[in-house]
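Asker: okay, here's the prediction I keep looking at, along with the sequence it came from:
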Amino acid sequence: MDKPQNNSQQNTKLDFYATPAHPCPYLEQKDSKTLFLNPEIHPNAPIYSWLIDKGFRRSGDHIYRPHCDDCAACISIRVKAENFEPNKQQRRCFKKGRKFTTKIHPASFDNQHYQLFESYINTRHADGDMYPTSEKQYKDFILCDWLNCQFLDFYDPTNSQLIACCVFDQLNNGLSAVYTFFDPDYSKYSPGRLAVLNLIENCRQMSLDYVYLGYWIKGCQKMSYKGEYRPIECFINDRWVSLN
């Protein structure tokens, strides 16, 4: 796969490899394959932005895209910030979330964020492959030292408590949501939805085009929420298609 030509630089090849088939973590009775960028290659921000635009995602330092033989259920989606129209539920969520204060800062390890992450995994994802978690697993999953990776933090002003964190990467043309974790005691505020709404608003304020939300899987309840942001664009057959 060729990277885009960049001024005096000539196109170079990016090295990828595909995993063997393994049980799909999202759809029962399905096998999946994944295409990974060679982990020895750490692309710069422009190349990473280009890969995101081609349907790739990252987990820590690893950049990947589904590469299944007989399934195309995982669809990379993005929201064009200036066209986004919140529905009634989203407007209500955004209004309720105004009680929280927010802060954006470079992503780094600290005990406060790790404890919030650990509590979230223990409570919400004890059946997942990140349980039980560890500081190393957290760092390997969240952080990346060659990207502009940011934390969008939410605080309860009544006690200055960190109640949610949205991890995102700043790209050339937008923001890419990586992961959101939160205090389960604040679930009634829908922190995951609130995080995406704030990313869209920040994207507008920064005059960027898109918020990338990762993979939308209609048949997976855990992923179905991503389809509620309309209009969205889906990466299908190597091109972005609008879906109202």
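Answerer: That came in fine, so what should we check first?
Asker: how deep is Q221 tucked in, by neighbour count?
Answerer: Q221 is flanked by 9 other residues according to other C-beta atoms under 10 Å. Using the backbone N, CA and C atoms, a C-beta is placed for each residue, glycine as well.
Asker: same question for I236.
Answerer: For I236, the neighbour count with other C-beta under 10 Å is 14.
Asker: go on, Y114?
Answerer: 16.
Asker: so who does the nearest residue to it once chain neighbours are set aside touch?
Answerer: Leaving aside its sequence neighbours, Y114 sits nearest to Y138 (C-beta to C-beta, 6 or more residues apart in numbering; 5.6 Å). Taking C-beta atoms under 8 Å, 6 or more residues apart in numbering as the contact definition, Y138 lies against F109, Y114, F117, E118.
Asker: gap between the second one and C24?
Answerer: Going back to what we said before, that points to Y114. For Y114, the distance to C24 (C-beta to C-beta, to the nearest Å) stands at 29 Å.
Asker: flag every buried residue along the strand or helix carrying S76.
Answerer: Assigned by DSSP states H and E, S76 belongs to strand 75-80. With burial defined by 16 or more other C-beta atoms under 10 Å, the residues of strand 75-80 counted as buried are I75, S76, I77, R78, V79, K80.
Asker: need the next SSE after that strand, C-terminal direction.
Answerer: Immediately after strand 75-80, counting by DSSP H and E, sits helix 88-96.
Asker: who touches the helix or strand just after that following helix?
Answerer: Using DSSP H and E, the helix or strand that directly follows helix 88-96 along the chain is strand 101-106. Here strand 101-106 makes contact (C-beta under 8 Å, 6+ apart) with N148, C149, Q150, F151, L152, D153, F154, Y155, P157, N198, N202.
Asker: any weak-confidence spans in the protein?
Answerer: For the chain, the stretches with pLDDT under 70 are 1-12.
Asker: where exactly do the strands run in it?
Answerer: 16-18, 22-23, 31-32, 34-37, 57-59, 62-66, 75-80, 101-106, 149-156, 161-170, 174-182, 210-216, 232-236, 239-243 (DSSP state E).
Asker: quick check: buried residues in stretch 217-227?
Answerer: Going by neighbour count (16+ other C-beta under 10 Å), the buried part of stretch 217-227 is I217, C220, M223, K226, G227.
Asker: find the nearest non-adjacent residue to the second one, please.
Answerer: Sequence neighbours aside, Y26 is the residue nearest to C220 in space, at 4.4 Å (criterion: C-beta to C-beta, 6+ apart).
Asker: thought G219 was touching E28?
Answerer: No: counting by C-beta atoms under 8 Å, G219 does not reach E28; the two are 9.2 Å apart.
Asker: overlap in contacts of these two?
Answerer: Contacts common to G219 and E28, judged by C-beta under 8 Å, 6+ apart, are absent.
Asker: quick one: the residue lying closest to D31 once chain neighbours are set aside and F151, what's the gap?
Answerer: Of all residues beyond its chain neighbours, the one nearest D31 is A21 (4.3 Å), with distances taken as C-beta to C-beta, 6+ apart. Look at A21 and F151: by C-beta to C-beta, they are 35 Å apart.
Asker: the two: who's more crowded?
Answerer: Per other C-beta under 10 Å, whichever of A21 and F151 has more neighbours is F151, with 18 against 13.
Asker: gap between the more buried one and L51?
Answerer: 22 Å.
Asker: with H125 instead?
Answerer: H125 sits 27 Å away from L51, going by C-beta to C-beta.
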